[in-house]
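Peer 1: sequence plus predicted model, see below.
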Amino acid sequence: MKAFIVTLFLALLFSTSQAQYAHPGGMHPQAQLDFVKKKIKAREQPYQNAYLQLMQYADSAFQHPTHALADFKVPGYYIDAASHRTNSRSLQSDAFDAYACALAYQLSGQKRYADQALKYLKAWADLNKTYSDHDGSLVMAYSGTAMVIAGELLSNYKGWKEADQKQFKSWVSEVYRKSANEIRNRKNNWADWGRYGSILSAYYLDEPAEVNENIRLIKSDLFEKIAEDGHMPHETVRGNNGIWYTYFSLAPITAASWVAYNATGESIFSYSQGNRSIKKAVDYLYYYNLHPEEWTWYKNPNQGSPQKWPGNLLEVLADVYQEPRFADYTQPARPLIYNLHHFAWTFPTLMKIQLTEYK
């Protein structure tokens, strides 16, 4: 009897040390997945149309080959734009397809989608060993997020061979997270994508110390990134793309905050200092994207749209901040899917987030 108790205790201790967090989790906790599945079953809008849209993308993935590279070499965009785009797309295409198929599996229960997602994860885990050139770490960080999310969504899939799952975790730890950690101490949006990629990886790999370190980093300079009036000094100086870069910083900050909430229960969404807060920065983005002629940082800045950015960001934050203006902005464009370049709020209409219990 004593031997049995000791064995049971050691087994529980081992399993606890191996699984610090609930899986699937991170960007898509089980409560969210269950909530969305109920909405789909009830054919409730906008979830039903968003689900059908997701499934169309997932079905199209079966026609796409993998594009893994041994060396993910990405020159600076302003140095060699053509090579930057070509090499970036190799990961972006595979990452989106993996994410779409993994989410399709979770919501439909059809194993063929899980198996298709695994083709992309395995291709990169087996072949890709490094990243290089000026933008290699940045693009790996902001595009590879979808690979980690896909792995998280498939974490309990019994059809994922143990050796392949171990190899993918090794890739996340030794290649993907390395790229994210390499840039997470920068001052601008590079740091934001680094922290988001790093906290996603830490959650997936069950490493609470790294989750907490990324939360510390996010909070450490949030009010240096956001001014009293809500503008983001490191991003508004980017010429005609100042509005875009403001969005491009807020997307990973808010996504990382969502992962942090699911890991610890702490809400960085409501974190503030004087007038400075994430909400203040989002309000600033929202207003000047609607009124680019009033943007004081550059004449005739590039403007986003409800269909893409900042629509995807505002779609999820409408519920977080109970902000009807954001919902009114995105409603005509629903269902929204952001399927290119970077992956923070990729399925914002379908996978809405709540800081209260999903009911």
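Peer 2: Everything's here; your move.
Peer 1: could I get the buried residue list for stretch 307-320?
Peer 2: Of the residues in stretch 307-320, 308-320 count as buried by neighbour count, 16 or more other C-beta atoms under 10 Å. Just so you know, the C-beta spots here come from the backbone N, C-alpha and C atoms, and that holds for glycine as well.
Peer 1: do the same with stretch 277-297
Peer 2: Buried residues in stretch 277-297 (16+ other C-beta under 10 Å): 277-286, 288-289, 292, 295, 297.
Peer 1: for those residues, which two are the farthest from each other?
Peer 2: 277 and 292 (23.2 Å; C-beta to C-beta).
Peer 1: and the buried residues of stretch 277-297, which is closest to residue 171?
Peer 2: residue 278 (31.2 Å).
Peer 1: which residue packs closest to that closest one, ignoring adjacent ones?
Peer 2: With sequence-adjacent residues excluded and distances taken as C-beta to C-beta, 6 or more residues apart in numbering, residue 278 is closest to residue 269, at 5.9 Å.
Peer 1: dump the residue contacts of that neighbour.
Peer 2: 254, 257, 261, 278-279, 320-321, 355 (C-beta atoms under 8 Å, 6 or more residues apart in numbering).
Peer 1: among those residues, name the ones in helices.
Peer 2: 254, 257, 261, 278-279, 320 (DSSP state H).
Peer 1: will you turn the residues you listed into TSV that also has pLDDT?
Peer 2: Formatted as TSV, these follow (pLDDT from 0 to 100):
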residue	pLDDT
254	98
257	98
261	98
278	98
279	98
320	97
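Peer 1: what's the farthest-apart pair in these?
Peer 2: Among the ones in helices among the contacts of residue 269, 261 and 279 lie farthest apart (C-beta to C-beta), at 14.9 Å.
Peer 1: any idea which helix or strand comes after the strand or helix carrying residue 202?
Peer 2: For residue 202, the element it lies in under DSSP states H and E is helix 189-204. Once helix 189-204 ends, the next helix or strand along the chain (criterion: DSSP H and E) is helix 208-225.
Peer 1: surely residue 24 meets residue 151?
Peer 2: No - using C-beta atoms under 8 Å, residue 24 is not in contact with residue 151; the gap is 9.5 Å.
Peer 1: who's more crowded, those two?
Peer 2: Between residue 24 and residue 151, residue 151 has the larger neighbour count (other C-beta atoms under 10 Å), namely 31 against 23.
Peer 1: helix or strand: which one has the more buried one?
Peer 2: Going by DSSP H and E, residue 151 is in helix 136-153.
Peer 1: tell me what the helix or strand following that helix is packed against?
Peer 2: Using DSSP H and E, the helix or strand that directly follows helix 136-153 along the chain is helix 162-171. Applying 3 or more C-beta pairs under 8 Å, 6 or more residues apart in numbering; DSSP states H and E, one finds that helix 162-171 contacts helix 111-127.
Peer 1: give me that answer again for 10 Å
Peer 2: With contacts taken as 3 or more C-beta pairs under 10 Å, 6 or more residues apart in numbering; DSSP states H and E, helix 162-171 sits against helix 111-127, helix 136-153, helix 189-204.
Peer 1: so the helix holding residue 151 versus helix 189-204, what angle?
Peer 2: 30 degrees (axes from the mean of the first three to the mean of the last three C-alpha atoms, to 10 degrees).
Peer 1: please point out which parts of the longest helix along the chain sit buried.
Peer 2: For the chain, the helix that runs over the most residues, judged by DSSP H, is helix 81-108. For helix 81-108, the neighbour count (16+ other C-beta under 10 Å) marks 84, 87-88, 90-108 as buried.
Peer 1: that one to helix 136-153, inter-axis angle?
Peer 2: Using the same axes, to 10 degrees, helix 81-108 lies at 10 degrees relative to helix 136-153.
Peer 1: averaged pLDDT, helix 81-108. What do you get?
Peer 2: Averaged across helix 81-108, pLDDT comes to 96.
Peer 1: low-confidence ranges, the stretch 251-359 of the chain, go.
Peer 2: By pLDDT under 70, the stretch 251-359 of the chain contains no weakly predicted segment.
Peer 1: strands of that one, start to end?
Peer 2: Taking DSSP state E, counting those that start in this stretch as the test, the strands found in the stretch 251-359 of the chain are 272-273, 276-277.
Peer 1: highest mean neighbour count out of those?
Peer 2: Across the strands of the stretch 251-359 of the chain, the average number of neighbours (mean count of other C-beta atoms under 10 Å) peaks for strand 276-277, which reaches a mean of 19.
Peer 1: contacts for that one?
Peer 2: By C-beta atoms under 10 Å, 6 or more residues apart in numbering, the surrounding residues in contact with strand 276-277 are 222-230, 268-271, 283.
Peer 1: repeat the analysis, applying 8 Å as the threshold.
Peer 2: Identification of contacts with strand 276-277 by C-beta under 8 Å, 6+ apart yields 222-223, 226-228, 230, 270-271.
Peer 1: and the furthest pair within the residues you listed?
Peer 2: Taking C-beta to C-beta, no two of the contacts of strand 276-277 sit farther apart than 227 and 270, at 18.6 Å.
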